[in-house]
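Engineer: sequence-free structure coming up:
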């Protein structure tokens, strides 16, 4: 059988690990599929475990209190705050103030070459050390350096040698994997708190697996907290960068959704180039200058970065800090952390699902309150479902397959539009020898997470076992082109069947990376989730094309550039296609009358992808 040289390359992503494949996978925008209505196989008729109800309990929100001079205001209690949810005032019953309650902070630091160029390595390291010097002795820090590599992250106390050495020994390199670093930082904080669900773990598996390093945990910090300890600590993510993202396998939408779902405020520090665009906003440019000015292009790129970081900070309850100097950026952030409170009130008993607006004021209006704009309530608790998935993964690892299967079935029944429990139950069914059911469950997972190479790889195995060799070849080819080496699977299939006639052509066929729309607003990202899912599903089933979640191995990138998304759901956009070098590009119109109308989305995307496929194949073959 023909095996081109590239098939001998080691797999990009490596083997799937259950812990990451299943861990708390409830956030990816591409997971949102409306109206599936499909129940998990093997459902028990009487399951007395509760649904993951979120209607009772405590609502925790974040608020920073700053006086007129920009200094934090400390020492406030429940009686000093007034909170309204959807216009109805709530009784604040708990306040964690920044003086008496310690902090768990993820400090994600940009170690790209531009930082060293603009500040020197010595100055950059000194500024980071200065930030740690100002933290409290009982605070814990997850230090996460990033450039072309994310991590390894290090947990420790601010004065621990391991943290200081991580700063001093980190090299400055090219690229700024900003979004990847945000997902890893969120996950590190979420894993420490028993009342939190990892908002990033699914993307860590599907997008970043094999490209970031496991954290180093110091005995004094980083271990999971018990519930009592967690209630008495605050958490925050501090992100410092001087430039736009480059090299990330995750996208802005991934980072935004993770920040929205997480209970941790994000304080984003834009320094140097990332802060310069503020002075250009409102500048007039004539058409000739627009055509010729590379400065204008840089302005637009950094202005877009600011808009994205501002939205991430807003939806998480944090803040965007723009400073020209590294030390000033850290100092401003420290001020906000010192004034950052956690407020809690009893959740309303009856409330509609979805986004709930928040308003927070001081009883004595002597200072400014920076607060998250709202909370998201769902009929089912994200945290409750995630905890069941965690338990299921542990049971699977211990060989308790029937118990693990019952947990996966439970989550799948009440969250039928989520891919993780279907993937998990398929792995268990495979171990139990129930291969036909496992294949169906892997297939359902692929419907919910189209383009996932790991799932294609498992479906290739199931197809080989069932004798459906044509599907085995199809899934194996797509898995291999997506980044999972299939040399052994190709050889196994070749022993029992003939490869497809177009095998040679397929193995050098175009691989597509889909980049979600770069709209800053959270509401727009949520509204466009079905559009992204339909595009991915269309690409993943289009003959002669394959999908990857690693932009570095893609031949072409497909993206949606939004011109306008109206309140009525009408989308006016451009479907943009460009090659690996970014030099060959095609733009075509994309209009959807209502992004909430499944049939309208499917029809518009189908027509657009048919034209896109013809263009991609003509360019690739040429």
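Structural biologist: Right, received. Where do you want to start? All figures in this text were calculated on a predicted structure; none of them were measured in a lab.
Engineer: burial measure for the closest residue in space to residue 569 that isn't next to it in sequence, as a count.
Structural biologist: Among residues not flanking residue 569 along the chain, residue 594 sits closest, at 4.0 Å (CB to CB, 6 or more residues apart in numbering). Backbone N, C-alpha and C define where each C-beta goes, glycine included. Using other CB atoms under 10 Å, residue 594 is surrounded by 14 other residues.
Engineer: ok, residue 594 - contacts?
Structural biologist: For residue 594, the contact set (CB atoms under 8 Å, 6 or more residues apart in numbering) comprises 568, 569, 570, 600.
Engineer: surely it is in a helix?
Structural biologist: No - residue state for residue 594 (DSSP: H, G, I helix; E, B strand; the rest coil) corresponds to coil; a helix is not indicated.
Engineer: bridged to the closest residue to residue 451 other than its chain neighbours, which residues?
Structural biologist: Closest residue to residue 451 apart from its sequence neighbours, by CB to CB, 6+ apart: residue 547 at 3.5 Å. Taking DSSP bridges, one finds residue 512 as the beta-bridge partners of residue 547.
Engineer: can you get me a residue count around residue 547?
Structural biologist: So residue 547, with other CB under 10 Å, has 26 neighbours.
Engineer: I'd like the numbering to begin with 32 instead of 1 from here.
Structural biologist: Will do, 32 is the new start, and the previous item becomes residue 578.
Engineer: show me the shaky parts of the stretch 132-281 of the chain.
Structural biologist: Applying pLDDT under 70 to the stretch 132-281 of the chain picks out residues 225-251.
Engineer: in it, which spans are helices?
Structural biologist: Listed in chain order, the helices of the stretch 132-281 of the chain (DSSP state H, counting those that start in this stretch) span 144-150, 152-164, 192-200, 209-223, 232-237, 258-262.
Engineer: likewise the stretch 482-631 of the chain?
Structural biologist: For the stretch 482-631 of the chain, the helices defined by DSSP H, counting those that start in this stretch occupy 484-497, 500-513, 518-527, 534-538, 553-558, 560-572, 629-652.
Engineer: show me which positions of the second one end up buried.
Structural biologist: Judged by neighbour count (16 or more other CB atoms under 10 Å), helix 500-513 contains these buried residues: 500, 502-513.
Engineer: same thing with the first one?
Structural biologist: Within helix 484-497, the residues that qualify as buried by neighbour count (16+ other CB under 10 Å) are 484, 485, 486, 487, 488, 489, 490, 491, 492, 493, 494, 495.
Engineer: could you find the closest non-adjacent residue to the first one?
Structural biologist: What that stands for is residue 484. Among residues not flanking residue 484 along the chain, residue 513 sits closest, at 3.2 Å (CB to CB, 6+ apart).
Engineer: do the last one as well
Structural biologist: Spatial nearest neighbour of residue 495, chain neighbours left out: residue 503 (4.4 Å); criterion: CB to CB, 6+ apart.
Engineer: now do the contacts for the one you found.
Structural biologist: By CB under 8 Å, 6+ apart, residue 503 lies in contact with 491, 494, 495, 520, 524, 528.
Engineer: thinking again about what came up before, okay, the contacts of residue 625 in CSV with neighbour count next?
Structural biologist: As requested, the contacts of residue 625 are arranged in CSV below (neighbours: other CB atoms under 10 Å):
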residue, neighbour count
599, 9
600, 15
601, 14
631, 17
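Engineer: pull the most distant pair out of these.
Structural biologist: Farthest-apart pair in these is 599 and 631; separation 11.9 Å (CB to CB).
Engineer: as TSV, the helices of the stretch 132-281 of the chain with distance to residue 303 and mean neighbour count would be great.
Structural biologist: Listed next are those as TSV, based on distance: least, CB to CB, whole Å; neighbours: other CB atoms under 10 Å:
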stretch	distance to residue 303	mean neighbour count
helix 144-150	5	18
helix 152-164	11	18
helix 192-200	18	16
helix 209-223	14	27
helix 232-237	28	28
helix 258-262	36	13
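Engineer: closest one to residue 399 among these?
Structural biologist: helix 152-164 (23.2 Å).
Engineer: got any ranges where the stretch 482-631 of the chain has weak pLDDT?
Structural biologist: The stretch 482-631 of the chain contains residues with pLDDT under 70 at 612-615.
Engineer: try 50 this time
Structural biologist: Low-confidence segments of the stretch 482-631 of the chain, defined by pLDDT under 50, are absent.
Engineer: and stretch 174-186, end to end?
Structural biologist: Using CA to CA, to the nearest Å, one end of stretch 174-186 lies 6 Å from the other.
Engineer: same question, stretch 177-195
Structural biologist: Start-to-end span of stretch 177-195 (CA to CA) is 16 Å.
Engineer: which parts of it are buried?
Structural biologist: Result for stretch 177-195 [16+ other CB under 10 Å]: buried residues 177-182, 184-189, 191, 193-195.
Engineer: could you do stretch 552-570 as well?
Structural biologist: Buried residues in stretch 552-570, defined by neighbour count with 16+ other CB under 10 Å: 552-553, 555-570.
Engineer: same question for stretch 515-528.
Structural biologist: Buried positions in stretch 515-528, judged by neighbour count with 16+ other CB under 10 Å: 515, 516, 517, 520, 521, 523, 524, 525.
Engineer: wait, the residue nearest to residue 484 sits on residue 486?
Structural biologist: No - using CB atoms under 8 Å, residue 513 makes no contact with residue 486, being 9.8 Å away.
Engineer: circling back: now flag whichever of the contacts of residue 503 is closest to residue 467.
Structural biologist: Nearest to residue 467 among these: residue 494, at 11.3 Å, using CB to CB.
Engineer: so that closest one makes contact with residue 509?
Structural biologist: No - at 11.8 Å, residue 494 and residue 509 do not qualify as touching, with contact defined as CB under 8 Å.
Engineer: what do those two both touch?
Structural biologist: When CB under 8 Å, 6+ apart defines a contact, no residue borders residue 494 and residue 509 alike.
Engineer: stretch 611-625: end-to-end distance?
Structural biologist: 32 Å.
Engineer: and if you look at stretch 548-558?
Structural biologist: Stretch 548-558 has an end-to-end distance of 11 Å (CA to CA).
Engineer: now it, how far from the centre of its chain.
Structural biologist: In terms of CA atoms, centre = their mean, to the nearest Å, the centre of stretch 548-558 is found 14 Å from the chain centre.
Engineer: equivalent analysis for stretch 596-605, please.
Structural biologist: Averaged over its C-alpha atoms, stretch 596-605 has a centre that lies 24 Å from its chain's centre (CA atoms, centre = their mean).
Engineer: how far away is residue 430 from residue 440?
Structural biologist: Residue 430 sits 18 Å away from residue 440, taking CB to CB, to the nearest Å as the criterion.
Engineer: give me the contacts around stretch 149-164.
Structural biologist: Taking CB under 8 Å, 6+ apart as the rule, stretch 149-164 contacts 138, 140, 142, 146-147, 172, 189-190, 194-195, 198-199, 203, 269, 273, 303-304, 357-358, 361, 364-365.
Engineer: restricted to strands, list these.
Structural biologist: The members of the contacts of stretch 149-164 that map onto strands under DSSP state E are 138, 140, 172, 269.
Engineer: so residue 170 sits right up against residue 188, yeah?
Structural biologist: Yes - if you go by CB under 8 Å, residue 170 and residue 188 touch, sitting 7.2 Å apart.
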